[in-house]
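[1] pasting the sequence and the predicted coordinates here, then a few questions.
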Amino acid sequence: QVQPVESGGGLVQAGGSLRLSCTVSGRTVDIYTMGWFRQAPGKERVFVASIPWRGDSTYYAEPVKGRFTISRGNSKNTVYLQMSSLKPEDTAVYYCATSFGKGRYDYWGQGTQVTVSS
């Protein structure tokens with residue numbers, strides 16, 4: 001079993017930056033991909049970005065391309081989401097999730113709130 005835990009959310013003004021962290025514990029050897037998702041009030045949870053547990057190929061949703069960067073920490077058990085040029089529409093609960101490579105994300109964190117004021 002794997003347990004992702006997010007941190008780093010908060011309130012920021014439009015145009016500002018924020019960095020989210022996701023620390024993963026448990027059986028990390030089986031992880032294939034790490035992903036960030038977000039869910040805005042009244043909307044479905046959507047994909048934001050992903051990075052392989054081993055490797056450097058990153059993927060981003062169109063609304064965040066050029067503004068968000070996903071990366072792995074030196075400890076390898078931590079994944080970051082650097083968010084810049086934040087917009088009010090980026091306001092959401094952000095979730096970290098792990099995938100074992102079977103076409104789905106298997107374990108999810110509890111989420112961290114990001115609020116961008118205009």
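    Cool, the structure landed.
[2] for the closest residue in space to residue 12 that isn't next to it in sequence, list each beta-bridge partner.
    Nearest residue to residue 12 in three dimensions, chain neighbours excluded: residue 18, at 5.2 Å (CB to CB, 6 or more residues apart in numbering). Heads up, the C-betas are built off the backbone N, CA and C, glycines and all. Under the criterion DSSP bridges, residue 18 forms beta bridges with residue 83.
[3] and the one 4 residues further on, by the same measure?
    When bridges are assigned using DSSP bridges, the partners listed for residue 22 are residue 6, residue 79.
[4] check contacts around it.
    4-7, 34, 36, 78-81, 96, 109 (CB atoms under 8 Å, 6 or more residues apart in numbering).
[5] from residue 117, how far off is it?
    To residue 117, residue 22 is 24 Å away according to CB to CB, to the nearest Å.
[6] and residue 40, by the same measure?
    15 Å.
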